[in-house]
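Trainee: Need the 3D shape of this:
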Amino acid sequence: MNLIVIFDLITFCTSLAALIILLIGWKRALSRDVKLLTAGLFVFTSLYSFCLVLEWSGITQVLDPFEDLIGAIIPMWWAFIFYSFLQQLASNDLRESEERYRTLISEMLNGFALHEIMVDNNDKPYDYRFLEVNLAFEEMTGLQGVDIVGKTILEVLPKTETYWIETYGEVALSGKFIRFENYSQELDKYFEVLAYSPQKGQFAAVFTDITDRKLAEEERERLEEQLRQSHKMEAIGTLAGGIAHDFNNMLGIILGNTELAIDDVPEWNPARLNLEEIKIASLRAKDVVRQLLSFARKTVKERKPVKINPIVTDVLKLLRSSIPTSIEIRSNIPEESQIIFADPTQINQVMINLCTNAAQAMEEDGGILEISLDSMTLDESTAQSYDLSPGRYVKLTVNDTGHGIDPKFKDRIFDPYFTTREFAKGSGMGLAMVHGIVMNHDGAITVESEVGKGTTFNIFFPIVSREPVPEITIDEDLPTGKERMLFVDDEESIVKMGRQRLERLGYKVESITSSLDALDLFRSKPDQFDLVITDLTMPKMTGDKLVKEILNIRPEMPIIICTGFSEKMDGEKAREIGASGYLEKPHEKSDLARMVRQVLDGKNE
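Mentor: Numbers count the residues shown, from 1 in each chain. Next up, the predicted model:
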C-alpha cells in the first residue's frame, strides 16, 4: 500500500470524524465559527471521498484536478478549525472567569463599587463616576445601582467630603493599594475601606460597614469615661464633706463673732454697715458650701414656695465679679416676682452654670450676656410641645452672643460627661445638672443656637399659688432665759463665741473643749445643768457617744447636737440617738436662741 492510498484513507476517516464532530458539537457549546468550519470540512472531505470512490471504481479520471485541490484545502481547513477551537476554549475560560468574578462580587457580604476617577487639566481629582456596584453596597448605603451607575459621586451625594475624592484619586492614578477607616457624614456611617486600582484611571473599593463596632467602641469609651468621672465625683464628694465640716466651723466663728460685734456697735457707726456686709457674705458662703455638697450629692434638696426674681438678681450680682469686663451683662427682671416651688440653692446652680457657659463662649471676643424673666400662660398645644401641662409658667431666658453650638452636638449637650471643651476646662456635668434640676422642678428647658451668632436657653418653671414661707428676721425680741447650760466643742474659738451668745440671751453657761472632761463634769453634778449643747466631731469621744453617756446618767436630759457637716448625722438621726435638737453650723444667733428655747420648753419633740 503506497502513501497515496494511506493519505486517501486518512482523508476518508477525516470526513467521518468531521461528521461526528458536527453532529456532537451541534448540541454542545461550540461556537458558531467552529460549527461552520466543521460543516465546511465535512463537505470538502465528503467531496474528496466521493472522488476517491469514483477513482477506485475506475469510472473516471476527470475529477483528479478537483481531487487534488480539495486535498490541498483540507489540511488548511483543519488548521482553521483547530485555531477557532482554541479561541473558543480561551473565550470560554474568560467567560467563566468573568461569571465567577461577577458571582463573587454580587454575592460577597462586603460592599463593592468600581469607579472611574475624573481629573481636571492639572490632573487633580475633582469627582469620580460609578461604573458598577454590588448588592451589598446597595444595602449598606441605600443607593440603588440602577440609579447611580453612570453618575458621579457629587451628583449622587453632593455633600461628599473632599477626603474621599482625594484619597481615591491617589489610588486610581498611582495604582497603590490602601486600607483605611473613615466616617461618611453624608451617609452617617463608619466604613472600613480597601481600595485598589484594577487599571489606570479606575479604582475599586471594598466597603465593610463598621458602624455598629464603632458605636460599641464609643459606648465603651463613654462608659469608661463615665466610670472615671464617677470615681472622680466620689473623690470630690469625700473631699467636699471634709472641707464642708472645717469650712462651716470657720464660718460659724466668723458669723457668730460678727453678730456679737453688731450687737456692740451702734447703728449710726459706719462700722456697723461693714459688719452687716460680713454677715451677709458669711451667709452666702454657707450657701456656697451647701451647693458644693449638693454637687457631691451629700445634701437633701429642700423645695418650697420661693420668689424667683430675687434669686436671679442675687446671682447676677455675684457673677459680675467673676465674668470678664469684656462681656456686657443685661438683665430684664420685672419688679413683681412670680412664685415657684423650688430649692433656691438649685436655682442658683442653674443660673451659675448657664451664665458661666455663656461667658466661656464669649471669653475670646467678648459679647453680651442677657438674662430675662417673663411670665406666660401655655395652652394645651404649646405646653405639649414642651412636654408640659397647660398652665402659668415663668420663663427664664439666658442669651449670649458667643460662638454658638455646632448642630451635630446640639442633641448631646445635656448628656452627662459630654463636653467639647478641653479636659481642664469642663467636666461635661454642668448642663446635665441643669437639665436634671429643671426636670426635678417639673419644668422644661430648650436651646436655640446658631454657629457664629450665639445661644439662647429658655427654662420654664410652673407658677404656684402658695405664698413663700417668710424668712425669720433678726430682731430684739429673741427668746431668752435663765437656765444653766453645758456648752461643749473642741474649737476654743467656737466655745468662746457660743458662750457669749448664750450669756447675752440670759443663760448661765459652763463651756469646755474636751468631750471627756465634759462627761466627767456632768457626771459629778448632773442636776446642775438644764441643757447640754455639744459638737458632733470631736477627738477621743464624738458627740453622739457623749449624748448616749449623758442619757445613761440622766435619761430625760435635753441635748442639742451641732455639726459643720456629717453624713452620719441629721435631724432625724439626732432624734434616734436621743438628742432633743439638731443645728447645722454655721447658724445665726436667732436660730440658736429659738432652738434652745424650744428644747427647754419641750416644744421640739
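Trainee: Go ahead and confirm residue 396 touches residue 376.
Mentor: No. Using CB atoms under 8 Å, residue 396 is not in contact with residue 376; the gap is 11.6 Å. Every C-beta, even on glycine, is put in place using the N, C-alpha and C of the backbone.
Trainee: quick one, which of these two is more surrounded?
Mentor: residue 396 (26 against 11; other CB atoms under 10 Å).
Trainee: Quick check: closest non-adjacent residue to that one.
Mentor: What sits nearest to residue 396 in space, not counting adjacent residues and going by CB to CB, 6 or more residues apart in numbering, is residue 459, at 4.4 Å.
Trainee: Give me the local confidence score for that neighbour.
Mentor: Residue-level confidence at residue 459 comes out at 94, pLDDT.
Trainee: Show me what the helix or strand in which it is found pairs with in its sheet, parallel or antiparallel.
Mentor: In the assignment (DSSP states H and E), residue 459 maps to strand 454-462. In the sheet, strand 454-462 lines up against strand 391-400 (antiparallel), strand 444-450 (antiparallel) (DSSP bridges).
Trainee: Could I have the CA atoms of it written out in CSV?
Mentor: This file holds the C-alpha atoms of strand 454-462, laid out as CSV (Å, rounded to 0.1, in the frame of the first residue of the first chain):
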residue,chain,number,x,y,z
GLY,A,454,-24.9,82.8,69.8
THR,A,455,-27.1,80.6,72.0
THR,A,456,-30.4,81.0,73.9
PHE,A,457,-31.6,78.8,76.7
ASN,A,458,-35.2,79.0,77.7
ILE,A,459,-36.3,77.4,81.0
PHE,A,460,-39.9,77.1,82.1
PHE,A,461,-40.9,76.7,85.8
PRO,A,462,-44.6,76.3,86.8
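Trainee: and the longest helix for the chain?
Mentor: In the chain, assigned by DSSP state H, the helix with the most residues is helix 211-264.
Trainee: what does the average pLDDT come to for that one?
Mentor: Mean predicted confidence for helix 211-264 is 80.
Trainee: Surely residue 583 touches residue 560?
Mentor: Yes. The pair residue 583 / residue 560 is scored as a contact, 6.1 Å apart, by CB under 8 Å.
Trainee: So which of those two has more stuff around it?
Mentor: Between residue 583 and residue 560, counted using other CB under 10 Å, residue 560 has the larger neighbour count: 24 against 18.
Trainee: Assign that one to one of the three secondary structure states.
Mentor: Residue 560 falls in the strand class when you classify it by DSSP: H, G, I helix; E, B strand; the rest coil.
Trainee: Give the bridge partners for it, please.
Mentor: Residue 560 forms beta bridges with residue 533, residue 581, as assigned by DSSP bridges.
Trainee: still on that earlier bit, out of the strands paired with strand 454-462, which is closest to residue 120?
Mentor: Residue 120 lies closest to strand 444-450 among the strands paired with strand 454-462, at 35.1 Å (CB to CB).
Trainee: Quick check: buried residues in that closest one?
Mentor: Buried residues in strand 444-450, counting neighbours by 16 or more other CB atoms under 10 Å, are found at 444-445, 449.
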